[in-house]
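*Asks:* Quick check, what structure comes out for this input:
(chains A, B, C and D)
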There are 2 protein chains.
Amino acid sequence: MALVRNHRPDVVARAVDVLDRHGLGDLSMRRLGAELGVRPSALYHHFPSKQALLAAVADEILLRARFEPDLTAPWDEQVAAVCGWVRDAVLAYRDGGEVVATAYAFGTGAMAPYEALVAALRSGGADGLAEIGARTLLHFVLGHVVDEQTHLQAASAGAIDDAPRAGGDFAVGLGIVLDGLRVRVDAR
Amino acid sequence: MALVRNHRPDVVARAVDVLDRHGLGDLSMRRLGAELGVRPSALYHHFPSKQALLAAVADEILLRARFEPDLTAPWDEQVAAVCGWVRDAVLAYRDGGEVVATAYAFGTGAMAPYEALVAALRSGGADGLAEIGARTLLHFVLGHVVDEQTHLQAASAGAIDDAPRAGGDFAVGLGIVLDGLRVRVDAR
DNA sequence: ACCTGAACACCGTTCAAGT
DNA sequence: ACCTGAACACCGTTCAAGT
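*Replies:* Numbering: from 1, shown residues only, chains lettered A, B, ... in the order given. Here you go, the predicted model:
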């Protein structure tokens, strides 16, 4: 007898919720199932694997921070806007950075920021470097945000005494050069 | 009765070996114990946790690609040399990038490259930006190398058709600017 | 379409006890 | 100093069967 009936979006929403409340380490199929009032095996009706579930979670996190590119803006401002979007989206949920970075690294999700960056870079005429530029910027942003988030969380958990760190912001005095064009990513 | 007696370096060496032959996913405490002819619990005599073991593996991988900084070289060349060292070290072992990146992210290991980069950046006069610059460069290098390694391995396993990618090298036409000073990281 | 029940093949970690 | 034996509290995934 089916006590509960969950649809795919319910599962994703609950997963985001568990992630935010208990962290990535506690987001297991069994735990998520229990939280939904369902056996773990029931989740495999919606997702072929945990990896696929986590990719959906990553996409959901990015989607929730709604973003629409301003195509009339200068290309470097467009790039900065995308970076800012990713940063905001990911910082809004516990372990958001790691989830998105992993999904992106495995190529299973989090493709929207990559495509937005490619578009922005192309609009700046950096045609040949758009793809590698987008990947670099994403590593740049995600790397720093994961850093930030890890240390922030560790500090708030009392595991690390939060010594003053040189710039919690990923952009302080830093830029990236693509083919001679300087891109400032100080979105914040 | 002790059939085998392993010292700490033996354990690390075997772990590197298992990592390279079977990948990070197969490097479990149980598997490593079996490979050493020992129960998994015996490993906890040498390491307090798997995380600590993996940190030691990361350090070992970096150590095996012996590196000595040329303090007479221009600072940007020093930076490039460190990046090249990390890249070479990590590419020499299966999943080396992920192991080192993770140890670095958790702050449990892989500190040598960070310190080398800070020193190189300081020697260039970028005092206030040395720490954040070092972290940025590391994210930059490790991010790209993990990318490379993941796709390379996936391709060689036949999981992905290796479409032509824009620059397998992390440095193609890219640089990082620290306070106006352009750092080229095209180590290769 | 969604769920149960039961199993399979694993994990990391602890700890008293052995040599 | 290093190892065993046994346990604890978990994992992801599969699959026939139910409604």
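
*Asks:* hey, let's count contacts and neighbours off CA atoms from now on
*Replies:* Will do.

*Asks:* helix or strand for A:Asp76, which one?
*Replies:* Using DSSP states H and E, A:Asp76 maps to helix A:75-91.

*Asks:* Likewise for A:Tyr93?
*Replies:* Applying DSSP H and E, one finds A:Tyr93 in no helix or strand.

*Asks:* do the same with A:Ala15
*Replies:* Using DSSP H and E, A:Ala15 maps to helix A:8-22.

*Asks:* quick one: buried residues of that helix?
*Replies:* For helix A:8-22, the buried set under the neighbour-count rule, 16 or more other C-alpha atoms under 10 Å in any protein chain shown, comprises A:Val11, A:Val12, A:Arg14, A:Ala15, A:Val16, A:Asp17, A:Val18, A:Leu19, A:Asp20.

*Asks:* The helix or strand that it is followed by near DNA strand C at all?
*Replies:* Remark: after helix A:8-22, the chain's next helix or strand is helix A:29-36, criterion DSSP H and E. No - judged by C-alpha under 7 Å from any atom of the strand, helix A:29-36 makes no contact with DNA strand C; its nearest approach is 7.6 Å.

*Asks:* ok, back up a step: in the buried residues of helix A:8-22, find the pair that's most separated.
*Replies:* Using C-alpha to C-alpha, the buried residues of helix A:8-22 span at most 14.2 Å, a distance reached by A:Val11 and A:Asp20.

*Asks:* Tell me which stretches of chain A form helices.
*Replies:* All helices of chain A, identified by DSSP state H, fall at A:8-22, A:29-36, A:50-64, A:75-91, A:96-106, A:112-123, A:130-156.

*Asks:* Turn these into JSON lines, including mean pLDDT and distance to DNA strand D.
*Replies:* Below are the helices of chain A laid out as JSON lines (pLDDT from 0 to 100; distance: least, C-alpha to the nearest atom of the strand, whole Å):
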{"stretch": "helix A:8-22", "mean pLDDT": "98", "distance to DNA strand D": "11"}
{"stretch": "helix A:29-36", "mean pLDDT": "98", "distance to DNA strand D": "4"}
{"stretch": "helix A:50-64", "mean pLDDT": "98", "distance to DNA strand D": "4"}
{"stretch": "helix A:75-91", "mean pLDDT": "89", "distance to DNA strand D": "21"}
{"stretch": "helix A:96-106", "mean pLDDT": "96", "distance to DNA strand D": "14"}
{"stretch": "helix A:112-123", "mean pLDDT": "93", "distance to DNA strand D": "24"}
{"stretch": "helix A:130-156", "mean pLDDT": "80", "distance to DNA strand D": "21"}
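
*Asks:* Could you point out which of those sits nearest B:Gly96?
*Replies:* For B:Gly96, the closest of those is helix A:96-106, at 14.8 Å, according to C-alpha to C-alpha.

*Asks:* domain assignment for chain A?
*Replies:* Domain segmentation of chain A under automatic domain parsing yields A:8-47, A:67-187.

*Asks:* Buried deepest among these, which one?
*Replies:* Mean neighbour count (mean count of other C-alpha atoms under 10 Å in any protein chain shown) peaks for domain A:67-187 among the domains of chain A, with a mean of 19.

*Asks:* And the residue of chain A that's closest to DNA strand C?
*Replies:* As assessed by C-alpha to the nearest atom of the strand, DNA strand C sits closest to A:Arg5 within chain A, at 3.1 Å.

*Asks:* State the number of residues packed around that residue.
*Replies:* Neighbour count of A:Arg5, defined by other C-alpha atoms under 10 Å in any protein chain shown: 10.

*Asks:* Next: A:Gln51.
*Replies:* There are 15 residues near A:Gln51, going by other C-alpha under 10 Å.

*Asks:* who's in contact with A:Leu36?
*Replies:* Taking C-alpha atoms under 8 Å, 6 or more residues apart in numbering or on different chains as the criterion, A:Leu36 is in contact with A:Val4, A:Asn6, A:Val11, A:Arg14.

*Asks:* The third one and A:Leu27, how far apart?
*Replies:* Same thing as A:Val11. Distance, A:Val11 to A:Leu27, by C-alpha to C-alpha, to the nearest Å: 12 Å.

*Asks:* Can you check the distance spanned by stretch A:66-76, start to finish?
*Replies:* Terminal residues of stretch A:66-76 lie 20 Å apart, using C-alpha to C-alpha.

*Asks:* hmm, that stretch in reach of chain B?
*Replies:* No - for stretch A:66-76, no contact with chain B is found by C-alpha under 8 Å from any C-alpha of the partner chain; the gap never falls below 15.3 Å.

*Asks:* got the contact list for that stretch?
*Replies:* By C-alpha under 8 Å, 6+ apart, stretch A:66-76 touches A:Gln78, A:Ala81, A:Val82, A:Trp85, A:Ala116, A:Ala120, A:Leu121, A:Ser123, A:Gly124, A:Val183, A:Arg184.

*Asks:* With adjacent residues omitted, what lies nearest to A:Arg122?
*Replies:* Here the nearest residue to A:Arg122 in space, its sequence neighbours aside, is A:Ala130; by C-alpha to C-alpha, 6 or more residues apart in numbering or on different chains that works out to 5.9 Å.
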